[in-house]
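Enquirer: I'll drop the sequence and a predicted model, then ask my questions.
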Amino acid sequence: MKKMGKRSIAFIASVLVVVLSVITVAAYLFINLGPLTNNFQAAGAMDPEVNNDYTIKVPNKGYAVYVRAAIVVNWKNITEGAVSVLGDVPVPGVDYTMEINSTKWIKGSDGFYYHKARVVPADDSTDMVTDAIINSFASSKTVTYEGKVYSVNVDVISQTIQALGTTDAGNDPAVVDAWGVTLDDDGVTIKSK
């Protein structure tokens, strides 16, 4: 009976040493390492920019891409470098007029505009440029809120996806899987999701 008691005490002591060791190491790592940050970036990341004529300029990475864009119209005031945006949305046809380039862009059911053709890099160019998404935009309307004058503002926010490549299953082009569009010989046709 005494022998069993000594074994139990030895076992409990060894478990206690292991638990305290794990807690000590975890505390040391937590205190000395601090929060971890993700330093990975997507290999094909591109940051398209929109030109003043509403064309989208895509960095030339040597491969063709599909482009989609969202058009955001809002009331904006810039005073001494500070930007203010109102929550109210300007009304099309009342506060502004806008004509979309529907021969080159198609609107999906998700609100995005899809460039119908893929954008192909030119050998001698550092950037690839899409067709203008907006043919014309006009507004002279302003509103005043808390002493600040707000004008109608339009922002075009764009995304790209590599044109070549398929899903993991290998049966659909990546653009069809990621954006839910359909493709034909001319490019993007309609939004199916």
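Expert: Sure, I can see it. Numbers count the residues shown, from 1 in each chain.

Enquirer: Give me the residue at the spatial middle of this structure.
Expert: By Cα atoms, centre = their mean, the chain has its centre lying nearest to Gln159, at 6.4 Å.

Enquirer: immediately after the helix or strand hosting it, which helix or strand?
Expert: When elements are assigned from DSSP states H and E, Gln159 belongs to strand 148-162. On the C-terminal side of strand 148-162, the nearest following helix or strand under DSSP H and E is helix 174-179.

Enquirer: hey, C-alpha coordinates of that following helix in CSV?
Expert: Extracted in CSV, the C-alpha atoms of helix 174-179 (Å, rounded to 0.1, in the frame of the first residue of the first chain):
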residue,chain,number,x,y,z
ALA,A,174,-11.5,31.3,-62.6
VAL,A,175,-13.5,34.4,-63.5
VAL,A,176,-16.7,32.3,-63.8
ASP,A,177,-16.1,30.7,-60.4
ALA,A,178,-15.0,33.9,-58.6
TRP,A,179,-17.4,36.4,-60.1
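
Enquirer: Which neighbouring elements make contact with that helix?
Expert: Here helix 174-179 touches strand 65-79, strand 148-162, strand 181-184, going by 3 or more Cβ pairs under 8 Å, 6 or more residues apart in numbering; DSSP states H and E. Any C-beta I mention is one placed from the backbone N, CA and C, and that applies to glycine too.

Enquirer: quick one: which helix or strand includes Val17?
Expert: helix 2-33.

Enquirer: Show the average pLDDT along that helix.
Expert: The average pLDDT for helix 2-33 rounds to 77.

Enquirer: thinking again about what came up before, need the contact list for the residue nearest to the centre of the chain.
Expert: For Gln159, the contacting residues are Pro48, Val67, Arg68, Ala69, by Cβ atoms under 8 Å, 6 or more residues apart in numbering.

Enquirer: State the pLDDT value of the last one.
Expert: Looking at Ala69, its pLDDT is 91.
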